[in-house]
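[1] Need coordinates for the following:
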Amino acid sequence: MFSFTNSDTLELLARKGLETRAREDGKVFPVDGNGPAVAEAFGSLLDDFAVRVQFSSRVKKVFHRDGQFELLFDTHGTLCSKHLVLATGGVSWPQTGTTGDGLRIARSLGHTLAASSPALAPLYLVRPPSPALAGISLRSVGLRFPLCPERPLAGGMYSLPIKAQRSGSTFPFARCGTASVT
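    Numbering: from 1, shown residues only. Just a heads-up that it's a prediction; the model follows:
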């Protein structure tokens, strides 16, 4: 799996008739600008390889016996497979469904896990900061904020209340509360 490159992905998309181009910044897009065509191409690839994707289901348990994985779902019965890709997700924001189930399942299959902690959780801002800040990396930085359950967004997510404070200046970015950079 580690030998599968970005070029391999573009080749697969090309085989499905999707022409792509890379911008100067390295980001790749369909030549015709049709973003949904990417999802359609990947869906077609899943069909080609008889990959079954189970949506809106929670895996309760996974058993491994006789060279087969058996997945037990909360509402959709079971699924058996010779191969299993376990994408565990994270534990950064339980309100979005990051329950840690994947980690529990990995442990139940005998995997040893390193301690986990929230990381790389996106921050959605009402007004984006200046483009001049793009690419800046901060080390040893903390961020504190309360959630704003009184302002739910689509999909049951909540707005993140952000006001970044730097050198006594406050930049109002979000809908409520404050966050301090330490």
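[2] those helices in the chain, which residues are they?
    For the chain, helices defined by DSSP state H occupy the ranges 6-15, 36-48, 101-108.
[3] By mean pLDDT, point me to the weakest helix or strand of this structure.
    strand 169-172 (a mean of 36; mean pLDDT, DSSP states H and E).
[4] still on that earlier bit, looking at the helices of the chain, which is closest to Gly135?
    Evaluated with Cβ to Cβ, the helices of the chain place helix 6-15 nearest to Gly135, the distance being 20.4 Å. Where you see a C-beta, it was placed from the backbone N, CA and C, and this is true even at glycine.
[5] Around Thr98, how many other residues sit close by?
    16 (other Cβ atoms under 10 Å).
[6] Repeat that for Gly102.
    Neighbour tally, Gly102, other Cβ under 10 Å: 17.
[7] And Leu13, by the same measure?
    Burial measure for Leu13: 19 neighbouring residues, criterion other Cβ under 10 Å.
[8] just the one 5 residues further on next, same as before
    By other Cβ under 10 Å, the residues close to Leu18 number 19.
[9] can you pull the contacts of it?
    30, 37-38, 41 (Cβ atoms under 8 Å, 6 or more residues apart in numbering).
[10] One more pass at 10 Å, please.
    Listed by Cβ atoms under 10 Å, 6 or more residues apart in numbering, the contact set of Leu18 reads 10, 12, 30-32, 34, 37-38, 40-42, 44.
[11] The residue lying closest to it once chain neighbours are set aside and Asp66: what is the separation?
    Leaving aside its chain neighbours, Leu18 sits nearest to Ala41 (4.8 Å; criterion: Cβ to Cβ, 6 or more residues apart in numbering). Distance, Ala41 to Asp66, by Cβ to Cβ, to the nearest Å: 35 Å.
[12] more neighbours, these two?
    Ala41 (18 against 6).
[13] Quick check: that one touching Gly17?
    Yes - Ala41 lies in contact with Gly17 (Cβ atoms under 10 Å); the separation is 7.7 Å.
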